[in-house]
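> Just to be clear, the model below is a prediction. Sequence and coordinates:
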Amino acid sequence: MLSNKSNQILSILLIVAVFALAGCGGGGSKPADVIKLGANLEMTGTNATFGSSASNGAKLAIKEVNAKGGVIGKQLTLTVADNKSEAAESANAMQKLISQDKVVAIIAPIASSSVIAGAQVLQDSKVPAISPTASNPKVTVDPATGKVRDFVFRAAFIDPFQGSVMANFASKSLKAKTAALYIDNSSDYAKGLGQFFKETFTKNGGTIVSEEAYLQKDTDFKATLTKMKSKNPDVIFAPGYYQEVGMLIKQARELGLNVPVLGGDGWDSAKLPEIAGAQALNNSFFSNHYTPDDSSPAVKTFVENYKKEYNQTPDAFAALAYDATMMVIKAMERANSADPVKIKDELAKTKDYDAVSGKISLNATHDAVKSAVIIEMKDGKQTFKEKVNP
């Protein structure tokens, strides 16, 4: 018979063994069997609808991949950090995901300014990030050095392409000879689009008759719009985000300024018709990355699965976040590794990937070379107008 002391020792050994077995798995996944991805998104604040859509798109991609067995034999998890729609918060969110959550790759913010603000954290930590939609050239190329940011990528076309698409649409499809610019001066995205629209529109023989600016969270645009109306522009280019643009268009129509209003992908939100009013948005157009009305099999499948998961039609932010997440996963598959540097190396090699938003190849500056679509607003609904190839 064992002594009491021997019984105590045996009990301790049994407890240690049980915990060791529990740590080795059984019913749950071992920590080593999970690959952690992060998302630094605008979950609250002025761009919250963008962040919510992007988060949904990324989660859907991960759910579908996990259901098929994961990637390189492991399941994926996603940790979402809220940058509060503020560039100043983006670097903190990036640091948390890397240092505390130990992610191997990140879905970067929607807004260009927020990606730029967190870019140095990525470079220093050697963890790759890919933004679904940030389109300012400075996102992937450091303007101070002219060098490509090795660990920063995007699934979106860039502002020079998007700006020129809308300028050509104004000149060729709408036959506009004069244009007014109304820019969000607190946004790198809007300023970039304004610059490239102006360059292409004037190259086409058009004239910019008015250049005005506002700041994020402004609500009263009437004085400036009245001044702009006196210049009698054929079109207005207002490449800001939906919150201010919605109020801007509403007030323009109230002043009798009924010319076409043009914009970029920052308009893409179900909130836009709520803010502007469905009728006020008639005769307005914006460039975008995809339309759920596209008849391609990839879009049809994505829209069907997204509606089943979230009971709503996916916007471009959901589609591009899905694409960005899949691009990271495909890079891991090619690398056969979850090592951040190897993921980065394979991301840079992305070529002719058949994404939901179209075929994507990344160029030497980590920018997506892909087509754009132009959306027309009709009675508050987005309708496909035309497609423009790069």
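Looks like it came in fine. Numbering: from 1, shown residues only.
> Quick check: which element contains the residue lying closest to G246 once chain neighbours are set aside?
Nearest residue to G246, sequence neighbours excluded (CB to CB, 6 or more residues apart in numbering): I275, at 2.8 Å. For glycine as for every other residue, the C-beta is placed from the backbone atoms N, C-alpha and C. For I275, the element it lies in under DSSP states H and E is helix 271-276.
> Check which helices and strands that helix sits against.
Applying 3 or more CB pairs under 8 Å, 6 or more residues apart in numbering; DSSP states H and E, we find helix 271-276 packed against helix 242-254.
> Mind listing what's buried along stretch 330-346?
Neighbour-count burial for stretch 330-346, with 16 or more other CB atoms under 10 Å as criterion, is recorded at 330-332, 335, 337-338, 340, 342-346.
> Please read the previous query as pertaining to stretch 192-200.
Buried positions in stretch 192-200, judged by neighbour count with 16+ other CB under 10 Å: 192-198, 200.
> again with stretch 349-367
Neighbour counts over stretch 349-367 (16+ other CB under 10 Å) mark 350, 353, 355-358, 360, 362, 365-367 as buried.
> Taking those residues, tell me the two that lie furthest apart.
The largest separation in the buried residues of stretch 349-367, counting by CB to CB, is between V356 and T365 at 22.8 Å.
> burial measure for the residue nearest to G246, as a count.
Burial of I275 is recorded as 18 neighbouring residues (other CB atoms under 10 Å).
> Looks like it contacts Q243 (just checking).
Yes: here I275 lies in contact with Q243, judged by CB atoms under 8 Å, at a distance of 6.7 Å.
> So, low pLDDT: which residues of this structure?
Low-confidence segments of the chain, defined by pLDDT under 70, span residues 1-32.
> switch the cut-off to 80
Scanning the chain for pLDDT under 80 picks out 1-32, 390.
> ranges for the helices of this structure?
Secondary structure of the chain by DSSP state H: the helices cover 4-24, 48-67, 87-99, 112-125, 159-168, 188-203, 222-229, 242-254, 271-276, 297-310, 316-335, 340-347.
> just the ones you listed: most buried one?
Mean neighbour counts were compared across the helices of the chain using mean count of other CB atoms under 10 Å; the top stretch is helix 316-335, at a mean of 26.
> how far does that helix sit from the chain's center?
For helix 316-335, the distance from its own C-alpha centre to the chain's C-alpha centre is 12 Å (CA atoms, centre = their mean, to the nearest Å).
> likewise stretch 237-247?
17 Å.
> Start and end of it, how far apart?
From the first residue to the last, stretch 237-247 extends over 15 Å; the measure is CA to CA, to the nearest Å.
> Stretch 216-224 now?
Stretch 216-224 stretches 15 Å from its first residue to its last (CA to CA).
> Show me what the helix holding I275 is in contact with.
49, 242-243, 245-247, 249-250, 281, 377, 380-381 (CB atoms under 8 Å, 6 or more residues apart in numbering).
> Export the residues you listed as CSV, with columns for distance to G206.
Shown next, in CSV, are these (distance: CB to CB, whole Å):
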residue, distance to G206
T49, 33
Y242, 26
Q243, 28
V245, 21
G246, 26
M247, 27
I249, 21
K250, 26
L281, 24
M377, 23
G380, 29
K381, 29
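> D293: which of those is nearest?
Nearest to D293 among the contacts of helix 271-276: K381, at 10.3 Å, using CB to CB.
> buried set for stretch 211-220?
Using 16+ other CB under 10 Å as the burial criterion, the residues of stretch 211-220 that qualify are 212-214, 216, 218.
> try stretch 122-138
Going by neighbour count (16+ other CB under 10 Å), the buried part of stretch 122-138 is 122, 125, 127-138.
> so which pair among the residues you listed is furthest apart in space?
S125 and S135 (23.9 Å).
> S186 and Y241 touch, don't they?
No: with contacts defined as CB under 8 Å, S186 does not count as touching Y241, sitting 10.1 Å away.
> Comparing the two, which residue is more hemmed in?
Neighbours were tallied for S186 and for Y241 using other CB under 10 Å; the higher tally belongs to Y241 (27 against 17).
> Setting aside sequence neighbours, what's the nearest residue to the more buried one?
Counting by CB to CB, 6+ apart, G266 is the residue found nearest to Y241 once chain neighbours are left out, at 4.2 Å.
> Relative to K344, how far out is that neighbour?
Remark: distance between G266 and K344 (CB to CB, to the nearest Å) = 28 Å.
> Repeat that for K102.
Counting by CB to CB - K102 and K344 are separated by 17 Å.
> Count residues in the vicinity of G205, would you?
Around G205 sit 8 other residues, with neighbours defined as other CB under 10 Å.
> hang on, isn't it packed against K172?
No: judged on CB under 8 Å, G205 makes no contact with K172 at a distance of 10.9 Å.
> So for S186 and Y241, which residues contact both of them?
Q216.
> domain ranges for the chain?
According to the domain assignment given by automatic domain parsing, the chain is divided into the following structural domains: 31-157+294-370, 159-288.
> okay, the ones you listed in CSV with distance to V388 next?
Supplementary listing: those in CSV, determined by distance: least, CB to CB, whole Å:
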stretch, distance to V388
domain 31-157+294-370, 10
domain 159-288, 5
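> quick one: which of these is nearest K385?
Each of the domains of the chain has some distance to K385 by CB to CB; the shortest is domain 159-288, at 6.4 Å.
> Done for today, thanks.
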